[in-house]
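Return a 3D structure for these sequence lines:
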Amino acid sequence: MAVEIRYETAGVSSDLNCLIIHSMKSTTVTTDRVSAVAIRALLYAFHAMAGRRVRNMSAITTGLILKGWKNPLTSADLWAVRREDRCRKVYGEFSSIWKGTKLVEELTAEDDERVVSELSGKSGDIKLLIAFTTDPLEPDWHGYMYACLLIFTNIFQSLINGYQSQRMAVLGMRIRTCLISAVYRKSLVLSNHSKTATTSGEIVNLMAVDAQRFVDMLPYLSFLWTAPVQVGISLYLLYNEMGYATFGGLVVMLMLIPINGYVSAKIQKIQTKQMKLKDERVRGLNEILGGIKVLKLYGWEEAFVDNILAIRRRELNLIRKSGLISGVTVVLAGITPFLVALVTFGIYIAMGNTLDAQKAFVSIALFNLLRIPLTIVPNMVTSLILTLVSVKRLDKFLNFSELMGYVNRNKDQKEVIKVENASFTWERVEDVVDGGLKPTLDKINLKVMKGKFVAVVGNVGSGKSSLLSALLGDMEICSGSVNINGNSELAYVPQQAWIQNATLKDNILFGKEFDSKKYRKIIKACALKSDLLTLAGGDETEIGEKGINLSGGQKQR
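Now for the predicted structure:
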């Protein structure tokens, strides 16, 4: 609760300080000086009445605005994210309840402000105000009271809407942070079989597109239940005003439900196809960028570009269809309140009733209450469908099988590495045990003592690299055991060097602190001294993407 209030009051302080800055920039000295003094006095009074947390947040906002007025702001100027909104905290809470079942069960939110906001009594206030204007016997103070009541309900509605919007914004930020963290963590522990079922392009789409869908859907989330409640209460109030004529408008609304249902199902099918094409397009772009050198050497640019553009044209065609169908729902939602009002008023007059100003204005106010949910429902349905498609994709990815840790750490064993009667496979263990497939490495026994230099020699494709991967825990174990001395550390140099887009020095340090003595020792051991002399910037030379300005030997060393 304190968080939301702090944001709101900080916003008030920001507005006041913006006025101060505007007055400081103005050319007319006298008026602006008086305005600045007045505003600063008001700000001082606000600070005096505000709580400690509010004053702290206001001070931060004030300093940020003044700094932004003097110099352009950068991300380094922003304050740290609150502890409860940080990635470690949010993902930690999610992982503690995530059981590998259904994602939507873990990402629920409660919200009860919207219906209070929309049904805050405006129609009743209008009714009282109109009754006052048509009755010459009512005292004047009744009119002032009704007008103040109407103003109060509008202010109350704005406050509730702002509070609800702020809550949804924070919740959306947390959900997006949580999902991106979950997808990233999952991508690091996928089993080898699962890696064949997805691509890097799909993973990028999950983090960039599917996670964002939740943020886009949250503003409409409360309408899932408040819209029916608001429509029901509005119809009840209309019934009190218009009697049985209200049912004519209700019939019009019910007739549109099957149309909206058909449109929703159609949009969901289109969105599923569109996301598959998006994954295919991103995968193709990654392949082009990854092999751009070979592609240019063979002159295949046009062929690959044509392939990507063909996928994009199919994707745009689906987007166009989805937009046209969504447009139909928007048009229907826009004309529904007018049709409901027309039918209701027509039936009311046809029944022999008199439509006076009071009933007409109150009914129009209630029809406006109906218009809000009916106008938003199409956008809500579209956003909900997009989110449900993303939920299925995220569910599928987060429930992929993971690598099971089978490497045991034993501090008491003499051997540095000890493998006993172990069989390993790159496929699923079930396919090997029950399906009759042969393991990649079968019944391996290996002992490596401390201080020994061991070479694994064999033909091409005999399993030398697979053996090293098995020792690292990157394969699936079918039987046997792998034990590593708990006091020892393993270092692995892959056949293909993993180069960061940073300086040569940063690649050597690999995130560790700089130790000049150890650093010189490593340079000498890897025979890099002569290479550093040939580079213009020495060890501060920026290495391009994937080490493009280094030779193969330099990368490996």
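
Please report the distance of the residue nearest the centre of the chain from Asn507.
Note on the chain: the residue nearest the mean C-alpha position is Arg176, at 2.8 Å, using C-alpha atoms, centre = their mean. The gap separating Arg176 from Asn507 is 32 Å, by C-beta to C-beta, to the nearest Å. Using the backbone N, CA and C atoms, a C-beta is placed for each residue, glycine as well.

And Ile257, by the same measure?
From Ile257 over to Asn507 (counting by C-beta to C-beta), the distance is 62 Å.

could you pull out the strands for this structure?
407-410, 417-425, 441-448, 476-485 (DSSP state E).

Which strands border the first one, and is each parallel or antiparallel?
Strand pairing for strand 407-410, using DSSP bridges, gives strand 476-485 (parallel).

in this structure, what secondary structure element scores lowest on mean pLDDT?
Across the helices and strands of the chain, mean pLDDT, DSSP states H and E gives its lowest value to helix 2-25, namely a mean of 34.

any low-confidence regions in the stretch 1-150 of the chain?
Low-confidence segments of the stretch 1-150 of the chain, defined by pLDDT under 70: 1-62, 96-143, 146, 150.

ditto for the chain
If you take pLDDT under 70 as the line, the chain has these spans: 1-62, 96-143, 146, 150, 375, 433-435, 544-551, 557.

Domain map for it?
Each domain of the chain is listed here as a residue range: 2-79, 88-398, 407-485, 504-556, per automatic domain parsing.

So for Gln495, which of these sits nearest?
domain 407-485 (6.7 Å; C-beta to C-beta).

on that earlier part again, now the strands of the chain as JSON lines including mean neighbour count and distance to Ala360?
Shown next, in JSON lines, are the strands of the chain (neighbours: other C-beta atoms under 10 Å; distance: least, C-beta to C-beta, whole Å):
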{"stretch": "strand 407-410", "mean neighbour count": "14", "distance to Ala360": "79"}
{"stretch": "strand 417-425", "mean neighbour count": "20", "distance to Ala360": "78"}
{"stretch": "strand 441-448", "mean neighbour count": "16", "distance to Ala360": "84"}
{"stretch": "strand 476-485", "mean neighbour count": "19", "distance to Ala360": "74"}
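
Kindly reformat these as a markdown table containing distance to Phe367.
Supplementary listing: those in a markdown table, determined by distance: least, C-beta to C-beta, whole Å:
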| stretch | distance to Phe367 |
| --- | --- |
| strand 407-410 | 69 |
| strand 417-425 | 68 |
| strand 441-448 | 74 |
| strand 476-485 | 64 |
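
out of the ones you listed, nearest to Leu533?
Of all these, strand 441-448 sits nearest to Leu533, with 37.3 Å by C-beta to C-beta.

how far off strand 476-485 does the closest one point, in degrees?
What separates the directions of strand 441-448 and strand 476-485 is an angle of 0 degrees, with axes from the mean of the first three to the mean of the last three C-alpha atoms, to 10 degrees.

Output the contacting helices and strands for strand 441-448.
The helices and strands touching strand 441-448, judged by 3 or more C-beta pairs under 8 Å, 6 or more residues apart in numbering; DSSP states H and E, are strand 417-425, helix 464-472.

what ranges do the helices span in the stretch 251-400 of the chain?
Counting by DSSP state H, counting those that start in this stretch, one finds helices in the stretch 251-400 of the chain at the ranges 292-297, 301-350, 357-398.

Could you identify which of those is most buried?
A comparison of the helices of the stretch 251-400 of the chain by mean neighbour count, using mean count of other C-beta atoms under 10 Å, puts helix 357-398 on top with a mean of 19.

now that one, how far from the centre of its chain.
Using C-alpha atoms, centre = their mean, to the nearest Å, we find the averaged C-alpha position of helix 357-398 to lie 21 Å away from the chain's own average C-alpha position.

got the angle between it and helix 301-350?
In this structure, helix 357-398 runs at an angle of 150 degrees to helix 301-350, with the same axes, to 10 degrees as the basis.

Count residues in the vicinity of Leu238, would you?
Applying other C-beta atoms under 10 Å, we find 25 other residues in the vicinity of Leu238.

How about it: what's its closest non-neighbour residue?
For Leu238, ignoring the flanking residues on the chain, the nearest one in space by C-beta to C-beta, 6 or more residues apart in numbering is Thr246 at 4.6 Å.

Please, where are all the helices along the stretch 51-200 of the chain?
Per DSSP H, counting those that start in this stretch, the stretch 51-200 of the chain has helices spanning 52-70, 87-97, 103-106, 113-118, 122-134, 140-188, 192-195, 200-205. These are given in chain order.

now the stretch 401-550 of the chain
Listed from the start of the chain, the stretch 401-550 of the chain has helices (DSSP H, counting those that start in this stretch) covering 429-433, 464-472, 504-509, 516-525, 529-534.

Residues in a beta bridge with the closest residue to Leu441 other than its chain neighbours, which ones?
Distances taken as C-beta to C-beta, 6+ apart place Phe424 nearest to Leu441, at 4.3 Å, with adjacent residues excluded. For Phe424, the beta-bridge partners under DSSP bridges are Leu441, Ile477.

so who does Phe424 touch?
With contact set as C-beta atoms under 8 Å, 6 or more residues apart in numbering, Phe424 has these partners: 439-441, 444, 466, 470, 475-478.

what's the spacing between it and Asp474?
Separation of Phe424 from Asp474 (C-beta to C-beta): 9 Å.

And Gly291, by the same measure?
On the measure of C-beta to C-beta, Gly291 and Asp474 end up 24 Å apart.

With Asp216 instead?
Remark: distance between Asp216 and Asp474 (C-beta to C-beta) = 37 Å.

next one: Ile444
Using C-beta to C-beta, Ile444 is found at 15 Å from Asp474.

cool, and Ala527?
Between Ala527 and Asp474 the distance is 29 Å, computed by C-beta to C-beta.

just to revisit the earlier point, output the helices of the stretch 401-550 of the chain in TSV; the columns should cover distance to Asn286 and mean neighbour count.
Compiled in TSV, these are given as follows (distance: least, C-beta to C-beta, whole Å; neighbours: other C-beta atoms under 10 Å):
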stretch	distance to Asn286	mean neighbour count
helix 429-433	28	16
helix 464-472	23	18
helix 504-509	23	18
helix 516-525	33	11
helix 529-534	31	11
